[in-house]
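> Provided below are the primary sequence and the corresponding predicted coordinates.
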Amino acid sequence: MVVPRFMRVAAIQLSSQADVAENLLTIRGLLEEASRGGAALAVLPEGFAFLGLDGEKRRIQQPLDGSIVGFLRDEARRTMEARKAG
C-alpha cells in the first residue's frame, strides 16, 4: 500500500445541541463540504452528536453498533477515506 505524503484534513467544529437527529444532519452537511474540498480525513469534536446535561446523556447513550456509530460508518463510506470522532 502506498501512503500519500500529504493528506488534506478537515477539523470540523460545531455547536451541538440536545437534538441528536438535527446534529447528525448538520454533521452530514459539514462532511459533504469537507469532502468536496478534498479532505481525506475528517475529525469531529467529542460531543458531536449531543451536548446537554449529564442525565440527558444517559438517555441517548448507545452501544458501538448503535445508530450514531452507524451514521459515522455510512458517512465515511459515502464521503471520506477515513473518519475520527471525539
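On my side now, so go ahead. The model shown is predicted, which means the values in this text are computed figures rather than measured ones.
> and the helix or strand containing residue 33, how far from the chain's centre?
Under the criterion of DSSP states H and E, residue 33 resides in helix 20-36. Relative to the centre of its chain, helix 20-36 is centred 7 Å away, using C-alpha atoms, centre = their mean, to the nearest Å.
> next, work out how far apart residue 51 and residue 36 are.
Distance, residue 51 to residue 36, by C-beta to C-beta, to the nearest Å: 26 Å. C-beta: built from backbone N, CA, C; applies to glycine.
> these two: who's more crowded?
Neighbours were counted for residue 51 and for residue 36 using other C-beta atoms under 10 Å; residue 51 has more, 17 against 9.
> run a quick neighbour tally on the closest residue to the more buried one other than its chain neighbours.
Nearest non-adjacent residue to residue 51, counting by C-beta to C-beta, 6 or more residues apart in numbering: residue 16, 4.1 Å away. Residue 16 has 20 neighbouring residues, counting by other C-beta under 10 Å.
> may I have the phi/psi pair for residue 16?
phi -70, psi 150 (degrees, to the nearest 10).
> residues contacting it?
23, 45, 47-51 (C-beta atoms under 8 Å, 6 or more residues apart in numbering).
> same question, residue 31
Here residue 31 is in contact with 10, 12, 42, 75, 79-80 (C-beta under 8 Å, 6+ apart).
> redo the contacts of residue 16 as JSON lines? Include distance to residue 66.
JSON lines is the format used below for the contacts of residue 16 (distance: C-beta to C-beta, whole Å):
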{"residue": "23", "distance to residue 66": "15"}
{"residue": "45", "distance to residue 66": "19"}
{"residue": "47", "distance to residue 66": "16"}
{"residue": "48", "distance to residue 66": "14"}
{"residue": "49", "distance to residue 66": "10"}
{"residue": "50", "distance to residue 66": "12"}
{"residue": "51", "distance to residue 66": "18"}
